[in-house]
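need a 3D model of the following:
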Amino acid sequence: MTEVTTDKGLFRKVRLHVDDTGGSGRPIVLIHGWPLSGASWAPQVPALTEAGFRVVTYDRRGFGRSDKPKKGYDYDTLADDLAGILDELDLRDVTLVGFSMGGGEVVRYLSRHGGERIRSVVLLGAVPPYLMKGPDNPDGPLTPDLAAQMSAQLAKDEDDFYEDFTRMFFSAGETLMVTEQERQQAFALAKLSDKAAALEAMTSWGKTDFRDDLPAITGPLLVIHGDSDAAVPFEGSGLRTHQAVPGSQLEVIEHGPHGLGISHAEEVNRLLVEFCRG
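The predicted model follows:
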């Protein structure tokens with residue numbers, strides 16, 4: 001465990017909580033989804049460590065154990081935070097794994113900072129290329145009305161929102177694909193987030209267009225997505241990213257909800273280890 005103080009971008013001197021398994025193995029950096037924290041990677045860290053990798057997780061600003069400033073929840077700043085961690089730990093030959101909102105940080109990092117430190121990329125249930133439906137993005141799976149409804153519900157009652165959200169997060173259709181204890185653990189992580197940060201970050205992942213960032217992925221890319229993802233539907237996100245990046249590898253998990261890293265941990269871990277060893 002360590003604390004990294006970012007020194008890039010406009011909003012400086014923000015302390016980010018980082019967990020680093022250390023060792024001499026090739027590094028894998030795991031970027032968590034909204035509204036959780038690095039602790040949500042608990043099923044992946046032991047499997048990747050046992051496979052010989054150095055595993056780094058961190059809590060996004062505003063979430064988990066990191067500082068919770070009032071500003072800096074746009075993707076340029078969040079990508080700069082990631083760059084600060086890679087620089088501070090001097091990580092090279094890295095595989096970046098971005099889940100959900102974290103996938104946006106990965107592709108924006110590459111377009112903003114380049115791929116000198118990066119070996120390969122995994123996008124797991126990730127938000128690129130562009131969620132918000134509009135005239136120039138008719139395949140976007142998130143309507144403006146739904147985005148406004150979600151924001152209003154979170155602003156009104158955090159507990160009520162996170163109760164509904166975690167059920168949707170882990171459900172395939174009407175079936176909850178994790179135990180109630182696992183859902184409650186995710187609820188507890190969500191409650192560690194700052195409300196204002198969660199609202200600002202929600203706007204960022206809903207409205208940020210990553211289509212011009214995707215060409216920055218020039219190394220190997222693995223796209224993993226559940227076919228029953230209700231939060232970030234496959235057809236409007238993972239499939240489009242795979243189609244936009246030549247040579248990318250696509251793995252669709254049957255009956256997979258959004259929270260694949262927990263509901264289908266064994267399958268996700270196998271795919272990650274195989275890809276990272278390649």
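
for Ile31, list each beta-bridge partner.
With DSSP bridges as the criterion, Ile31 is bridged to Tyr58, Gly98.

test my guess that it contacts Val106.
Yes: Ile31 lies in contact with Val106 (C-beta atoms under 8 Å); the separation is 6.3 Å. Bear in mind the C-beta positions are built from the backbone N, C-alpha and C, glycine included.

which residues are common contacts for these two?
Leu82, Leu96, Val97, Gly98 (C-beta atoms under 8 Å, 6 or more residues apart in numbering).

could you dump the residues you listed to TSV with pLDDT, distance to Gly125 and neighbour count?
Putting those into TSV (pLDDT from 0 to 100; distance: C-beta to C-beta, whole Å; neighbours: other C-beta atoms under 10 Å) gives the following:
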residue	pLDDT	distance to Gly125	neighbour count
Leu82	96	18	25
Leu96	98	15	29
Val97	99	11	31
Gly98	98	9	27
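
show me which pair in those is furthest apart.
Leu82 and Val97 (11.8 Å; C-beta to C-beta).

so Leu89 touches Asp20, yeah?
Yes: look at Leu89 against Asp20 with C-beta under 8 Å: they come within range, at 6.7 Å.

which residues do the two both contact?
What both Leu89 and Asp20 touch, as defined by C-beta under 8 Å, 6+ apart, is the set Val56.

ok, and the closest non-adjacent residue to the residue sitting nearest the centre point of the chain?
Nearest residue to the geometric centre of the chain (C-alpha atoms, centre = their mean): Gly102, 2.3 Å. Spatial nearest neighbour of Gly102, chain neighbours left out: Ile31 (3.2 Å); criterion: C-beta to C-beta, 6 or more residues apart in numbering.

need the pLDDT of that neighbour.
With respect to pLDDT, Ile31 scores 98.

same thing with Gly278?
85.

quick check: it vs Val122, distance?
Look at Gly278 and Val122: by C-beta to C-beta, to the nearest Å, they are 11 Å apart.

which of these two has more neighbours?
Val122 (26 against 11; other C-beta atoms under 10 Å).

adjacent strands (with direction) for the helix or strand that one falls within?
Assigned by DSSP states H and E, Val122 falls within strand 118-124. Strand pairing for strand 118-124, determined by DSSP bridges: strand 94-99 (parallel), strand 221-226 (parallel).

out of those strands, which comes closest to Arg240?
Comparing those by C-beta to C-beta, strand 221-226 comes nearest, at 9.8 Å.

so after the closest one, what's the next helix or strand?
Where DSSP H and E defines the elements, the next helix or strand beyond strand 221-226 is helix 238-244.

which positions in that following helix come out as buried?
Gly238, Leu239, Arg240, Thr241, His242 (16 or more other C-beta atoms under 10 Å).

before we move on, what about stretch 115-123?
Gly115, Arg117, Ile118, Arg119, Ser120, Val121, Val122, Leu123.

same question, stretch 35-42
Pro35, Leu36, Ser37, Gly38, Ala39, Ser40, Trp41.
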